[in-house]
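# Based on what follows, work out the 3D shape:
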Amino acid sequence: MIATAPRLGNFRRPRAARPRRPGGPHLLGYAASRRSVTPEASMAQTKARTMPGVLELLPLDQVAFQNMLDTIRRNFERYGFLPVETPAMEYADILLTKEGGETERQVYFVQSTGDLEKGGRPELALRFDLTVPLARYVAEHERELSFPFRRYQMQRVYRGERQQRGRFREFYQCDIDVIGKDSLSIRYDAELPAVIHSVFRELAIGPFVIQLNNRKLMRGWFEGLGIDDAERQTLVLREVDKLDKRGADAVRATLTGPEFGLSAETADRIMAFVSIRSTSLADAHAKLDALGAGSATFEQGRAELKEVLDLVKAFGVPQSHFALNLSIARGLDYYTGTVYETHLVEHPQIGSICSGGRYENLAGHYTRSHLPGVGISIGATRLFWQLREAGLLGAAASTVQALVTLMEDVPLPACLELATQLREAGIATEAVLEPGKLAKQFKYADRAGIRFVLVLGPDELTKGVVTIKDMRRQEQFEVPRAELAKTLRVELEQAAAMG
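Prediction:
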């Protein structure tokens with residue numbers, strides 16, 4: 001899905017880069033070292049570090065992030081979307097066809113070290129969003145796809161972002177799009193908010209509102225104010241889209257300033273228009289009706305927006321979770337109709353956590369076919385970072401459900417047999433392979449987030465039982481060996497239910 005316009009930025013080259021083997025790929029801007037360094041010397045001299053703009057997580061945080069991705073994927077598939085993956089690298093002329101110019105400043109080009117001496121712009125580049133690769137994919141496989149084509153894609157993208165808190169150079173995007181051939185019903189514009197509602201409801205991150213608007217409605221309103229030029233309309237759209245970030249006074253000052261030169265009366269009418277919000281479906285209809293008559297573009301946008309709002313409710317989204325917001329414009333030019341943004345009610349400082357809209361022709365640069373579509377994108381990496389910073393993510397449990405300990409006077413095969421028994425019962429189990437003090441093994445399990453520890457000592461072997469220790473409740477009990485898997489599954493289910 002088409003996401004927010006990428007921020008431009010000059011990224012800093014590191015003073016010392018790691019040496020690379022000849023012929024290996026690397027990112028331009030990170031030049032290979034020319035010094036001859038032995039592996040031993042390199043290890044001694046190179047400081048372990050990651051480049052700015054990447055999110056590298058510790059294991060339990062990674063589990064939490066993976067759980068979030070799994071929730072998003074599960075809900076995408078629940079609504080009938082099919083998975084697609086495209087290569088991290090694309091031909092540079094494909095990636096830059098749509099954006100060109102300024103985008104080239106924040107694209108990572110890729111070149112083999114063996115080709116460095118050839119000069120010129122590299123042939124390959126890393127994708128900076130998932131939309132351009134989708135456009136190429138649909139154009140290339142058009143005859144093999146069934147339309148409307150419903151796809152989801154969850155992969156990393158790469159941008160040369162400015163070094164600042166919360167901005168990433170490598171991050172996951174989670175996109176859904178519905179692509180039509182020749183035409184696409186407005187009804188699909190209402191389905192995507194239902195998918196997003198399902199995702200965020202299951203993520204349980206607090207109350208949220210999906211805000212909707214229509215670019216045709218906005219352009220028609222501008223026409224009624226005498227702003228007829230399409231390029232000038234786009235500039236005004238981009239400015240009012242900054243309302244939540246800059247504030248009403250700053251936006252109004254810009255509109256009446258030398259850059260736009262609008263009269264105070266025109267600016268006031270624009271500001272009154274973009275300040276409209278709804279509190280219910282009936283309120284949204286009433287406020288749209290109160291706008292009065294307008295141009296053909298305006299009336300088409302109003303009709304589309306009313307239909308979408310009605311259908312969002314029909315899809316089962318509660319009225320408390322969607323609303324009209326006439327300041328939502330989305331800064332990108334290719335949106336032509338419905339536009340969306342999703343915000344957390346109790347954390348407005350986070351900004352939009354999901355956005356998208358309707359576009360008229362996805363792959364016009366690559367095919368003569370008319371391929372309209374609608375889509376929404378979740379910036380998963382940034383969302384995870386924001387939620388973690390806001391304290392909205394609880395501690396994740398380890399994916400390891402049980403740890404089988406090993407004591408000095410117990411044969412290893414007996415413990416391995418126990419671990420195998422649990423794994424065959426569908427319980428993720430780690431087995432300790434080097435014997436040691438039980439206290440140390442308990443400490444290891446606690447630090448690794450493993451809740452249940454199994455002890456098979458000489459006494460347990462004699463009695464045909466296993467001792468289970470619950471690390472969270474600090475309780476332990478014996479279970480007959482034959483009932484171990486069944487008992488442990490019950491304990492795991494109870495633990496999951498209690499959170």
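
# give me the low-pLDDT residue ranges for the stretch 351-499 of the chain?
499 (pLDDT under 70).

# where along it do the strands fall?
Secondary structure of the stretch 351-499 of the chain (DSSP state E, counting those that start in this stretch): strands located at 354-359, 373-379, 402-404, 429-431, 452-455, 465-470, 475-480.

# Nearest to Arg162, out of those strands?
strand 373-379 (16.0 Å; CB to CB). In this view, the C-beta of every residue, glycine as well, is placed from N, C-alpha and C.

# What angle do strand 354-359 and the closest one make with each other?
Strand 373-379 and strand 354-359 are oriented at 160 degrees to each other (axes from the mean of the first three to the mean of the last three CA atoms, to 10 degrees).

# Strand 373-379 packs against which elements?
Packing partners of strand 373-379 (3 or more CB pairs under 8 Å, 6 or more residues apart in numbering; DSSP states H and E): strand 170-179, helix 187-203, strand 335-344, strand 354-359.

# hey, which of the ones you listed is tucked in deepest?
strand 354-359 (a mean of 27; mean count of other CB atoms under 10 Å).

# CA atoms only: put that strand into CSV for me.
Extracted as CSV, the C-alpha positions of strand 354-359 are listed here (Å, rounded to 0.1, in the frame of the first residue of the first chain):
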residue,chain,number,x,y,z
CYS,A,354,-2.4,3.2,9.9
SER,A,355,-3.2,5.1,6.7
GLY,A,356,-4.1,4.7,3.0
GLY,A,357,-6.8,5.4,0.4
ARG,A,358,-8.1,5.0,-3.1
TYR,A,359,-5.9,5.5,-6.1
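
# what are the pairing partners of that strand, and which direction each?
Sheet pairing of strand 354-359 (DSSP bridges) gives strand 335-344 (antiparallel), strand 373-379 (antiparallel).

# tell me the contacts of Leu406?
Leu412, Cys415, Ala431, Val432, Leu433, Glu434, Pro435, Gly436, Gln441 (CB atoms under 8 Å, 6 or more residues apart in numbering).

# ok, the closest residue to it other than its chain neighbours to Thr399 distance?
In space, not counting the residues next to it along the chain, Leu406 is nearest to Val432; the distance is 4.3 Å by CB to CB, 6 or more residues apart in numbering. Using CB to CB, to the nearest Å, we find Val432 at a distance of 17 Å from Thr399.

# Looking at those two, which one has more neighbours?
Shown here are Val432 and Thr399; by other CB atoms under 10 Å, Val432 has more neighbours (19 against 14).

# just checking, the more buried one touches Ala402?
No: counting by CB atoms under 8 Å, Val432 sits too far from Ala402 to count as a contact (11.4 Å).

# quick one on the thing from earlier: next step: the contacts of Leu406 restricted to helices.
Residues of the contacts of Leu406 located in helices (DSSP state H): Leu412, Cys415, Gln441.

# before we move on, the earlier item: I'd like the contacts of Leu406 laid out as a markdown table, including distance to Ile205.
Shown next, in a markdown table, are the contacts of Leu406 (distance: CB to CB, whole Å):
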| residue | distance to Ile205 |
| --- | --- |
| Leu412 | 45 |
| Cys415 | 41 |
| Ala431 | 36 |
| Val432 | 37 |
| Leu433 | 39 |
| Glu434 | 41 |
| Pro435 | 44 |
| Gly436 | 41 |
| Gln441 | 36 |
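
# who touches the closest residue to Arg277 other than its chain neighbours in this structure?
Computed as CB to CB, 6+ apart, the closest residue to Arg277 that is not its neighbour in sequence is Asn325, at 5.5 Å. Taking CB under 8 Å, 6+ apart, we find Asn325 in contact with Gln211, Leu212, Asn213, Ile276, Arg277, Ser278, Glu341.

# Let me know the closest of those residues to Thr50.
So of those, ranked by how close each gets to Thr50 (CB to CB), first place is Glu341, at 31.0 Å.

# Pretty sure that closest one sits against Pro348.
No: using CB under 8 Å, Glu341 is not in contact with Pro348, being 11.7 Å away.

# Are any of the contacts of Asn325 buried, and if so which?
Gln211, Leu212, Asn213, Ile276, Ser278, Glu341 (16 or more other CB atoms under 10 Å).

# Pull up the pairing partners for the helix or strand where the third one lies, direction included.
Assignment of secondary structure by DSSP states H and E places Asn213 within strand 208-214. Each strand that pairs with strand 208-214, with its direction, by DSSP bridges: strand 322-324 (parallel), strand 335-344 (antiparallel).

# Between these, which one is closest to Glu408.
strand 335-344 (53.0 Å).

# Could you let me know which of the contacts of Leu406 ends up closest to Val132?
The closest of the contacts of Leu406, once distances to Val132 are taken by CB to CB, is Ala431, at 46.9 Å.

# what's the neighbour count on the nearest residue to that closest one once chain neighbours are set aside?
Excluding its sequence neighbours, the residue lying closest to Ala431 (CB to CB, 6+ apart) is Ala419, at 4.0 Å. Residues lying near Ala419 (other CB under 10 Å) number 19.

# So Tyr125 belongs to a strand, correct?
No, residue 125 isn't Tyr; it's Ala. Yes: assessed with DSSP: H, G, I helix; E, B strand; the rest coil, Ala125 lies in a strand.

# what residues are up against it?
Taking CB under 8 Å, 6+ apart, one finds Met89, Glu90, Tyr91, Ala92, Leu95, Leu96, Val107, Tyr108, Phe109, Val110 in contact with Ala125.

# quick one on the thing from earlier: which one of the buried ones among the contacts of Asn325 sits closest to Gly373?
Leu212 (17.1 Å).

# Let me see the contact set for the nearest residue to the closest one once chain neighbours are set aside.
Closest residue to Leu212 apart from its sequence neighbours, by CB to CB, 6+ apart: Tyr340 at 5.8 Å. Residues in contact with Tyr340 (CB under 8 Å, 6+ apart) are Leu192, Pro193, Ile196, Ile210, Gln211, Leu212, Ile328, Cys354, Ser355, Gly356, Gly357, Ile376.
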